[in-house]
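Student: model this:
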Amino acid sequence: MKKINCNQKLEIEYQKKMKKHIIIGIIFVVILLFFKILLIPRIQNHENNKNNIKMIISYKQDKNRLSLKINIKTKKTSNLGKAKLDIYLDSKLIESNLLYISSKNFTTYANIIYQNESLLSIILKSNGNNNVFYSKRIKPRGKI
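Tutor: Numbering: from 1, shown residues only. A predicted model of the protein is given here:
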């Protein structure tokens, strides 16, 4: 049997400690990835959907007119009340309406004249800082 001197013993202990630290580090990274990828987005999604306001948009394009049907659905009666509806075309405010949402299933209509805009964005700001966003690409006028 070979005799192991003091330096070799220290080196062997150091390698064992390094392996242990690397294994603990890998486990720690896996746990962090688990929290970042799986749990945090679910928690944020749950917090974002607390207001339970859904906005369903249907639209019809004519030659130079865009007819919108905006259906607002709420699950809680506390979300009923005043709301501000902003309609944007290519980041330009086209129409701003102050609404009073009186029922859990509320529908409003809007007619917009547009030219060559291609992005429709709608923002609903209800009481209590509950914001609902909608964005959709539309075909510019004259193109089918």
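Student: give me the number of residues near Ile101?
Tutor: Here the number of neighbours of Ile101 (other Cβ atoms under 10 Å) works out to 21. Yep, even glycine has a C-beta here, placed from its N, CA and C like the rest.
Student: and it, what is it in contact with?
Tutor: Ile72, Thr74, Asn79, Leu80, Gly81, Lys82, Ala83, Ser126 (Cβ atoms under 8 Å, 6 or more residues apart in numbering).
Student: So which residues of this protein form strands?
Tutor: Here the chain has its strands, by DSSP state E, at 53-61, 65-74, 81-89, 92-101, 105-113, 119-126, 130-137.
Student: and Lys17, which of those is closest to it?
Tutor: Closest approach to Lys17 among these is made by strand 130-137 (52.1 Å; Cβ to Cβ).
Student: Centre of the chain to the closest one, how far?
Tutor: Here the centre of strand 130-137 is set off from its chain's centre by 10 Å, with Cα atoms, centre = their mean, to the nearest Å.
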